[in-house]
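Participant: My questions are about this predicted structure, shown below with the sequence.
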Amino acid sequence: MNKKTVGLALSVMLAGSVVLAGCSTTGDGDKDAGSSEGKKVLRLTDTSDITTVDPAQATDAVAFNMIGNTMEGLYRLDKDGKAIPALAEKTDISSDNLTYTFTLRDSKWSDGTPVKAQDFEFAWKRAVDPKTASGYAYIFDTLKNGSDVSQGKKPVDDLGVKAIDDKTLEVKLERPAPYFLSLTSFGTYTPISEDFYNKNKKDFSLQPDKLLYNGPFVWTSWKTDSKRVLTKNENYWDKDAVKLDEVSIRVVKDTSTVANLYDTDEIDYAGLTSEQVATYESKPEFKTALRSSIAYLKFNNEDAAMKNADARKAIARAIDPKGITDTLLANGSIPTTSFIPKDFIKDDAGKDYTSDINWFDRDAKEAADLWKKANGDKKTTIELLSFDSEDAKKISEYMKGQIEKNLPNVTVSIKQQPFKNKLDLEAKGDYQMSYALWGPDYQDPMSNLSIFESTNSQNDVKYKSSAYDKLLNAANEESDVAKRLDLFKQAESQLIEKDQAIAPIYQAGAAYLSRPSVKDFNRQVFGADFQYKYVDVK
């Protein structure tokens with residue numbers, strides 16, 4: 001939901017930020033929208049400011065929400081979450097499923113210049129180039145030589161992408177990938193104008209005018225830690241399908257403020273905190289939904305206190321997630337031990353991937369025994385890294401209480417950090433354990449599980465397991481759906497049940513208020529959290 005450390009990723013990708021939203025037409029007394037009367041404006045609040053809007057540098061939900069609504073790749077998701085052609089007017093796939101030839105439709109950048117196949121080739125090669133140090137370079141491992149290029153073993157030009165001419169893009173894969181078309185909807189796969197980049201290399205993406213946009217909206221203004229505005233892109237090839245004129249997003253870290261905005265008719269869609277659920281749950285506008293983000297504890301597997309698997313297992317078993325899901329959040333979140341979300345992957349018979357998974361039991365006695373096995377009677381202090389939002393503070397304090405109650409001689413200190421600072425500390429390995437969220441980037445177990453491969457650039461838990469790597473590689477090579485899903489389960493068992501490299505806690509839900517006038521403002525199951533292209537206000 002990174003994205004989603006994301007965070008979108010992403011997290012998602014991780015999606016440490018909580019997006020709260022509202023939309024209405026202007027001319028209704030809304031002072032914040034700042035638009036001329038009669039324009040349709042979607043007004044949102046977000047708990048975090050922009051970290052980056054560079055497709056090659058994005059690793060978090062805020063960034064991918066921006067990219068997903070201002071940029072467009074070969075495919076995008078429709079309002080039901082299905083991958084549909086976007087800039088790809090025609091797609092030809094070879095009989096061995098290893099070569100994809102895309103014919104691009106006529107489309108323009110926001111400055112009126114044409115989008116070319118070369119823009120895709122440039123963007124993808126830039127993202128995978130080790131010099132770029134992209135946190136999402138691994139997402140091109142699906143392409144021919146992708147992994148070798150990102151690790152510096154082969155030159156960038158060996159990546160399996162080539163512009164045959166301005167309108168034709170040829171992509172060669174390392175192996176058949178049934179999810180590849182949905183993967184091209186992801187933000188890192190969007191194009192970048194090489195000419196524009198070279199002219200603005202020093203300040204590229206740092207301000208709204210230091211980017212070109214080819215998606216439904218253009219980023220037009222930004223007040224740091226305050227507000228950002230997107231405006232309908234008049235050069236977008238499908239602009240007639242875009243109903244909104246503007247999207248206004250304010251940074252509001254105090255999430256309780258959003259409900260007040262809803263009550264005063266300043267917004268039409270509001271995310272709710274756990275404290276607000278009891279107040280609003282009787283209203284007809286109240287709804288809950290299960291999201292695809294997984295909340296979990298990252299363990300720094302190279303840290304002195306965390307490198308013992310029994311210590312990690314003890315912490316995982318010491319925390320009862322129901323205190324979080326049922327009391328602190330009360331928003332439809334559910335406990336989980338899997339890193340794959342429920343209602344995300346099903347087999348050919350329609351059986352959910354997670355239906356028979358329970359990688360560990362929450363058991364205070366077993367937790368204490370495991371901790372003693374790892375540390376004896378030694379007094380230990382562990383630092384828990386967390387987000388700086390109010391909900392994150394409450395959840396972190398709850399986990400601290402559970403760990404200190406159930407594990408002997410353990411003290412937990414909480415280190416709350418702004419979103420970007422937290423990501424930086426994780427990337428540097430400067431933490432012991434961290435409360436994080438991750439949302440999938442494409443609809444396949446590999447989207448979540450690949451980030452723990454030994455060579456993955458997102459592997460900031462420092463997990464190294466040849467057994468795990470081999471199982472994921474085998475899953476990548478397997479074409480039979482049932483066998484492939486079984487290999488993923490074996491890999492997840494290695495990661496969580498045997499090694500406890502991470503500790504899944506809960507699958508995130510969302511409680512919100514939505515007026516009937518708001519149409520098609522739906523959270524996506526992967527990629528950007530929301531697509532403003534489909535939203536309307538009646």
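Facilitator: Ah, there it is. Residues are numbered from 1 along each chain as shown.
Participant: Please name the bridge partners of the residue nearest to Lys90 when sequence neighbours are not counted.
Facilitator: Leaving aside its sequence neighbours, Lys90 sits nearest to Thr103 (Cβ to Cβ, 6 or more residues apart in numbering; 4.0 Å). Heads up, the C-betas are built off the backbone N, CA and C, glycines and all. Counting by DSSP bridges, Thr103 is bridged to Lys90, Thr168.
Participant: I figured Thr103 hits Glu89, correct?
Facilitator: Yes. Look at Thr103 against Glu89 with Cβ atoms under 8 Å: they come within range, at 5.3 Å.
Participant: and the residue nearest to Lys90, how far is that from Glu246?
Facilitator: 33 Å (Cβ to Cβ, to the nearest Å).
Participant: higher neighbour count, the two?
Facilitator: Glu246 (22 against 16; other Cβ atoms under 10 Å).
Participant: Specify the beta-bridge partners of that one.
Facilitator: Val41, Thr231.
Participant: quick one: contacts for it?
Facilitator: Glu246 sits next to Ala33, Ser35, Lys39, Lys40, Val41, Leu42, Val229, Leu230, Thr231, Lys232 when contact means Cβ atoms under 8 Å, 6 or more residues apart in numbering.
Participant: Tell me the spacing between the fifth one and Asp49.
Facilitator: So that's Val41. Taking Cβ to Cβ, one finds Val41 at 20 Å from Asp49.
Participant: can you pull the pLDDT of the nearest residue to Gln207 once chain neighbours are set aside?
Facilitator: Excluding its sequence neighbours, the residue lying closest to Gln207 (Cβ to Cβ, 6+ apart) is Trp222, at 6.9 Å. Per-residue confidence (pLDDT) for Trp222: 95.
Participant: in a strand, that's where Trp222 is, yeah?
Facilitator: Yes. Inclusion of Trp222 in a strand is indicated when DSSP: H, G, I helix; E, B strand; the rest coil is applied.
Participant: From what I see, it and Pro208 are in contact.
Facilitator: Yes. Applying Cβ under 8 Å as the test, Trp222 and Pro208 come out as touching, 5.8 Å apart.
Participant: Was I right to think Asp254 contacts Asp391?
Facilitator: No. Between Asp254 and Asp391 there is no contact under Cβ under 8 Å: 10.7 Å.
Participant: Out of the contacts of Glu246, which is nearest to Ala133?
Facilitator: Nearest to Ala133, judged by Cβ to Cβ, of the contacts of Glu246 is Leu230 at 27.7 Å.
Participant: Now do the contacts for that closest one.
Facilitator: Applying Cβ under 8 Å, 6+ apart to Leu230 gives the contacts Met66, Asn69, Thr70, Phe217, Val218, Trp219, Thr220, Glu246, Val247, Ser248, Ile249, Tyr532.
Participant: Swap in 7 Å and give it another go.
Facilitator: Contacts for Leu230 (Cβ atoms under 7 Å, 6 or more residues apart in numbering) come out as Asn69, Thr70, Phe217, Val218, Trp219, Thr220, Glu246, Val247.
Participant: Relative to Ala316, how far out is the second one?
Facilitator: Put plainly, it is Thr70. Using Cβ to Cβ, Thr70 is found at 39 Å from Ala316.
Participant: Repeat that for the fifth one.
Facilitator: Trp219 sits 41 Å away from Ala316 when distances are taken as Cβ to Cβ.
Participant: who has more neighbours, those two?
Facilitator: Trp219 (27 against 24).
Participant: tell me the secondary structure for the more buried one?
Facilitator: Here Trp219 is strand, with the state taken from three-state DSSP.
Participant: The host helix or strand of Lys298 pairs with which strands, parallel or anti?
Facilitator: Applying DSSP states H and E as the criterion places Lys298 in strand 286-299. Using DSSP bridges, the strands paired with strand 286-299 are strand 433-438 (antiparallel), strand 502-514 (antiparallel).
Participant: okay, those strands in CSV with mean neighbour count next?
Facilitator: Below are those laid out as CSV (neighbours: other Cβ atoms under 10 Å):
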stretch, mean neighbour count
strand 433-438, 29
strand 502-514, 24
